[in-house]
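**Q** I would like the atomic coordinates for the input below:
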Amino acid sequence: MLLVVEDINRSEQTRRLVEKLAGWSQPPTKDDSGALSSWRLLCPVWPEVFASLGDQVRKRIEPLIQAAGGFTESEGREAVLARARLDNAEKHLVWIDHWIDEILKTGVTWAEILASVRAWVDERRTIEALQVIAAAVEHRGTREDLGALKIYEGMPMTEARHLIEDTQFAVRRRSIR
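**A** Below is the predicted model:
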């Protein structure tokens, strides 16, 4: 079993969460039968968060870390351009379908796109951002992706609720899953 913990780096209690997860984590060990343990924990942690941890916690999780390399120059450029296009999407909702299709052609998965858009919406917390993710989910999402649509404090409640209901209807109408 693989337990995936969503991004905790922006939490107000990041360090505490990492310490809690470190308590759950163990290096893969063999049980009495010689089989490796049946679960793994995956949680992205920014280098600066790791550096802020106490020595004891760092030593405990250091053997478990799989460090991801940084972007190549071209990957970094593409990430910045993709983010800029997403920032513009609020003004040009009709292009969101094209934007998604173009990114999918690069090998990025729909799950990765949706995760990026969710993080972007979490930063914005506006009705316009909700419109962007609703358009994205309506274009490419499945019923499982409908959970990405949520109302934030300060959004016009009625408008946000109607937008979510319309998106749910559109996705359910075109997909079985």
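
**Q** distance of residue 137 from residue 118?
**A** 10 Å (C-beta to C-beta, to the nearest Å). C-betas here are computed from N, CA, C, even on glycine.

**Q** between those two, what contacts are shared?
**A** Listed as contacting both residue 137 and residue 118 by C-beta atoms under 8 Å, 6 or more residues apart in numbering are residue 148.

**Q** Distance check, the closest residue to residue 172 other than its chain neighbours against residue 91.
**A** Spatially, and ignoring its direct neighbours in sequence, residue 172 is nearest to residue 143 (6.2 Å; C-beta to C-beta, 6 or more residues apart in numbering). Using C-beta to C-beta, we find residue 143 at a distance of 29 Å from residue 91.

**Q** confidence score at the spatially most central residue of the chain?
**A** Centroid-nearest residue in the chain: residue 115, 3.1 Å away (criterion: C-alpha atoms, centre = their mean). On pLDDT, residue 115 comes in at 88.

**Q** Quickly list the domain ranges of this structure.
**A** Here the chain is described, according to automatic domain parsing, as comprising the domains 2-64, 73-174.

**Q** which of the ones you listed is buried the deepest?
**A** domain 73-174 (a mean of 15; mean count of other C-beta atoms under 10 Å).

**Q** thinking again about what came up before, would you single out the least confident of the domains of the chain?
**A** Mean pLDDT values for these show the minimum at domain 2-64, a mean of 74.

**Q** Any idea how far it is from the middle of the chain?
**A** 18 Å (C-alpha atoms, centre = their mean, to the nearest Å).

**Q** same question, stretch 85-104
**A** 18 Å.

**Q** Kindly export stretch 155-170 (C-alpha atoms) in PDB.
**A** Extracted C-alpha coordinates of stretch 155-170, given in PDB (Å, rounded to 0.1, in the frame of the first residue of the first chain):
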ATOM      1  CA  MET A 155     -16.300  33.800  -2.400                       C
ATOM      2  CA  PRO A 156     -19.900  34.700  -3.400                       C
ATOM      3  CA  MET A 157     -21.600  31.600  -2.000                       C
ATOM      4  CA  THR A 158     -24.500  31.400  -4.400                       C
ATOM      5  CA  GLU A 159     -22.400  32.000  -7.500                       C
ATOM      6  CA  ALA A 160     -19.700  29.500  -6.300                       C
ATOM      7  CA  ARG A 161     -22.300  26.800  -5.400                       C
ATOM      8  CA  HIS A 162     -24.000  27.200  -8.900                       C
ATOM      9  CA  LEU A 163     -20.600  27.000 -10.600                       C
ATOM     10  CA  ILE A 164     -19.800  23.800  -8.800                       C
ATOM     11  CA  GLU A 165     -23.200  22.300  -9.400                       C
ATOM     12  CA  ASP A 166     -23.000  23.100 -13.100                       C
ATOM     13  CA  THR A 167     -19.500  21.500 -13.400                       C
ATOM     14  CA  GLN A 168     -20.700  18.400 -11.500                       C
ATOM     15  CA  PHE A 169     -23.600  18.000 -13.900                       C
ATOM     16  CA  ALA A 170     -21.400  18.400 -17.000                       C
END
